[in-house]
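>>> pasting the sequence and the predicted model now:
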There are 2 protein chains.
Amino acid sequence: MTQNIYDDASFFENYSQLPRSVHGLAGAPEWGSLQELLPRIRGLDVLDLGCGYGWFCRWAAEQGARGVLGVDVSEQMLARARVMTQQAVIRYERADLERFTPPAGFGLAYSSLAFHYLVDLGGLLKRVHDALVPGGMLVCSVEHPMVTAPRHQGWSEDESGLPTWPVGGYLDEGPRSTDWLAKGVIKQHRTIETYLALLSRAGFTLTCLREWGPSPEQVATNPDWAKERNRPPFLLLSCRRA
Amino acid sequence: MTQNIYDDASFFENYSQLPRSVHGLAGAPEWGSLQELLPRIRGLDVLDLGCGYGWFCRWAAEQGARGVLGVDVSEQMLARARVMTQQAVIRYERADLERFTPPAGFGLAYSSLAFHYLVDLGGLLKRVHDALVPGGMLVCSVEHPMVTAPRHQGWSEDESGLPTWPVGGYLDEGPRSTDWLAKGVIKQHRTIETYLALLSRAGFTLTCLREWGPSPEQVATNPDWAKERNRPPFLLLSCRRA
């Protein structure tokens, strides 16, 4: 089973104070870009893999989704999601994504910043593919492989004092331990090549790839995000079941 | 017009001593992987964009290509190509790829490490797309965007003394000046997102993306390549005209 750091008390406490936890989708600076990759939600059955507090489930319900299934491994996240999102079309299920097999019939599978925790991502992608209707879409975000690659992750400076992100170990895939909100959080590093190959092998056709970083306009409003333009924090992907 | 550094005397002298110049395709460690992306050559009309010494043109002729057109901006490169590759099916043409319009009817367009010099790559991709037969393929390599991103390109070390490649400026695309074989060689930095978007806008469907670095077997034979596994030196792409 994947490390369930979200049920670690101090991690959960810290996570619950992130802007994206407090403000939901509006607190996630990449949401606008991710949203552009989504199909029209109205009338779709929607699956959210790693749904957390259920912010996306709630948004999908508001957009007129026919049904929304939010799945997460964390009991604490789901408990809060059930309190915060009470629309009748939303249903939550606790499951480890490493083994979860979705029921069939979804028009959209969505996942925000969850896939980089999974050891057997390829297995999940095949099961998700089979659970989508023909033409159905998968839209997801992951930490950018440049972020997950180094064994010591952190910013540095070049000879002019400009911020740099030292990349190392990029082609050596596998677990990386980082101290993010808690000590020893384990994420799986994969290259962009591997993400695309896993999607392709699962039967998906790539429709869009974005290396997301804050726009110059976002940086103007939030000057402390400027650094993130030196290497994109997130990779956004959309693909289609043939 | 793109900077034509290949007709700079000292650059050319240094370039001519690289393994890939002396030994041809066998001297290019990524050739085996690039070759895997190629369609069967026999009977195809083949276009080589930035053909250099004509090593690939010669290989394609040996594989039974019906015709091969090698295009390069450098007179010196073409002069040597004409001497080194004398098969009757090969024809060379001097042209600036920024403006070059290929004749129609190619089954394969190929380009090795040339596209990162072009300012208007999107324009060339559209003209190449239109010059391919339906189902025709484009297979190319470029310097990986992690390599081209930093304004000061070079290796560093992390706190454990392991090699790192400090990435900066990744989302700010445009020219980068490096001292590679000569002072002030200008290459154009683009993100992976942009490479894929330009191909898609030109009408291509991506068939394969590889972030090439030496395999562990190649490193065992050439220990000085080990560093390159910390960040892939090349991006290999194949795509198809619908």
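Sure, I can see it. Numbers count the residues shown, from 1 in each chain, chains lettered A, B, ... in the order given.
>>> and the top strand by length along chain A, what does it pack onto?
Scanning chain A for the strand with the most residues, using DSSP state E, yields strand A:132-143. Other helices and strands packing on strand A:132-143, by 3 or more CB pairs under 8 Å, 6 or more residues apart in numbering or on different chains; DSSP states H and E, are strand A:106-112, helix A:121-131, strand A:204-212, strand A:234-241. Heads up, the C-betas are built off the backbone N, CA and C, glycines and all.
>>> what is the neighbour count of the nearest residue to A:Phe11 once chain neighbours are set aside?
Of all residues not flanking A:Phe11 in the chain, A:Ala182 sits nearest, at 3.8 Å (CB to CB, 6 or more residues apart in numbering or on different chains). By the measure other CB atoms under 10 Å in any protein chain shown, the count of residues near A:Ala182 is 17.
>>> same check, this time on A:Ser10
11.
>>> quick one: contacts for it?
Contacts for A:Ser10 were tallied using CB atoms under 8 Å, 6 or more residues apart in numbering or on different chains; they are A:Leu181, A:Ala182.
>>> secondary structure class for it?
At A:Ser10 the chain is in helix, as set by DSSP: H, G, I helix; E, B strand; the rest coil.
>>> now do the strands in chain A.
Under the criterion DSSP E, chain A carries strands at the ranges A:45-49, A:67-72, A:90-94, A:106-112, A:132-143, A:156-157, A:163-167, A:174-178, A:185-189, A:204-212, A:234-241.
>>> how about those strands in JSON lines, adding mean pLDDT and mean neighbour count?
JSON lines is the format used below for the strands of chain A (pLDDT from 0 to 100; neighbours: other CB atoms under 10 Å in any protein chain shown):
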{"stretch": "strand A:45-49", "mean pLDDT": "98", "mean neighbour count": "25"}
{"stretch": "strand A:67-72", "mean pLDDT": "98", "mean neighbour count": "24"}
{"stretch": "strand A:90-94", "mean pLDDT": "97", "mean neighbour count": "16"}
{"stretch": "strand A:106-112", "mean pLDDT": "98", "mean neighbour count": "24"}
{"stretch": "strand A:132-143", "mean pLDDT": "98", "mean neighbour count": "20"}
{"stretch": "strand A:156-157", "mean pLDDT": "94", "mean neighbour count": "14"}
{"stretch": "strand A:163-167", "mean pLDDT": "97", "mean neighbour count": "25"}
{"stretch": "strand A:174-178", "mean pLDDT": "95", "mean neighbour count": "14"}
{"stretch": "strand A:185-189", "mean pLDDT": "95", "mean neighbour count": "19"}
{"stretch": "strand A:204-212", "mean pLDDT": "98", "mean neighbour count": "19"}
{"stretch": "strand A:234-241", "mean pLDDT": "98", "mean neighbour count": "22"}
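>>> low pLDDT regions in chain A?
Confidence mapping of chain A against pLDDT under 70 gives the ranges A:1-2.
>>> related to what we said a few turns ago, for the longest strand of chain A, give me every contacting residue.
The contact list for strand A:132-143 (CB under 8 Å, 6+ apart) reads A:30, A:34, A:37-39, A:49, A:105-116, A:125, A:128-129, A:187, A:195, A:199, A:204, A:207, A:212, A:233-242.
>>> partner strands of that strand, with direction?
Sheet pairing of strand A:132-143 (DSSP bridges) gives strand A:106-112 (parallel), strand A:234-241 (antiparallel).
>>> up against chain B, what does chain A have?
With CB under 8 Å from any CB of the partner chain as the criterion, chain A meets chain B at residues A:146, A:149-152, A:156, A:158-160, A:162-172, A:191-193, A:196, A:206, A:209-211, A:213, A:229-232.
>>> same thing but 6 Å
Counting by CB under 6 Å from any CB of the partner chain, chain A comes close to chain B at A:152, A:156, A:158-159, A:162, A:164-168, A:170-171, A:191, A:193, A:196, A:209-211, A:213, A:229-231.
>>> partners of A:Leu235 in the sheet?
Assessed by DSSP bridges, A:Leu235 has beta-bridge partners A:Val142, A:Glu211.
>>> that one reaches A:Met146, doesn't it?
No. Counting by CB atoms under 6 Å, A:Leu235 sits too far from A:Met146 to count as a contact (9.0 Å).
>>> separation between A:Glu157 and A:Asn230?
Between A:Glu157 and A:Asn230 the computed distance is 11 Å (CB to CB, to the nearest Å).
>>> same question, A:Leu199
Using CB to CB, we find A:Leu199 at a distance of 27 Å from A:Asn230.
>>> repeat that for A:Thr221.
For A:Thr221, the distance to A:Asn230 equals 18 Å [CB to CB].
>>> now swap in A:Arg94 and tell me
Using CB to CB, A:Arg94 is found at 38 Å from A:Asn230.
>>> same deal with A:Ala79?
Note on A:Ala79: its distance to A:Asn230, by CB to CB, is 38 Å.
>>> between these two, who's got more neighbours?
Comparing A:Ala79 with A:Asn230 by other CB under 10 Å, the one with more neighbours is A:Asn230, at 23 against 13.
>>> name the nearest residue to that one, sequence neighbours excluded.
With CB to CB, 6+ apart as the criterion, A:Asn230 has its nearest non-adjacent residue at 4.5 Å, and that residue is B:Gly168.
>>> the one you found and B:His152 touch, don't they?
No. Using CB under 6 Å as the test, B:Gly168 is too far from B:His152 to be in contact (7.9 Å).
>>> what touches both of those two?
When CB atoms under 6 Å, 6 or more residues apart in numbering or on different chains defines a contact, the residues bordering B:Gly168 and B:His152 alike are A:Asp158.
>>> need the CA coordinates for the longest strand of chain A. CSV is fine.
The C-alpha trace of strand A:132-143 is given here as CSV (Å, rounded to 0.1, in the frame of the first residue of the first chain):
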residue,chain,number,x,y,z
LEU,A,132,-14.3,5.3,-19.0
VAL,A,133,-16.9,5.4,-21.7
PRO,A,134,-15.5,5.5,-25.3
GLY,A,135,-14.3,9.1,-25.8
GLY,A,136,-14.1,9.6,-22.1
MET,A,137,-11.2,11.7,-20.7
LEU,A,138,-8.6,11.6,-18.0
VAL,A,139,-7.3,14.9,-16.8
CYS,A,140,-4.6,15.0,-14.1
SER,A,141,-1.9,17.0,-12.5
VAL,A,142,1.3,15.7,-10.9
GLU,A,143,4.4,17.2,-9.5
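>>> now it and strand A:174-178, what's the angle there?
Inter-element angle recorded for strand A:132-143 and strand A:174-178: 50 degrees (by axes from the mean of the first three to the mean of the last three CA atoms, to 10 degrees).
>>> okay, now A:Ser21: neighbour count?
Other residues within reach of A:Ser21, judged by other CB under 10 Å, total 18.
>>> closest to B:His23 out of the helices and strands packed on strand A:132-143?
Within these, the stretch nearest B:His23 is strand A:204-212; the backing value is 34.6 Å (CB to CB).
>>> elements contacting that closest one?
Contact partners of strand A:204-212 among helices and strands, from 3 or more CB pairs under 6 Å, 6 or more residues apart in numbering or on different chains; DSSP states H and E: strand A:234-241, helix B:192-202.
>>> can you name the residues in contact with that strand?
Around strand A:204-212, the neighbours that count as contacts under CB under 6 Å, 6+ apart are A:30, A:33, A:37, A:232, A:234, A:236-240, A:242, B:191, B:193, B:196.
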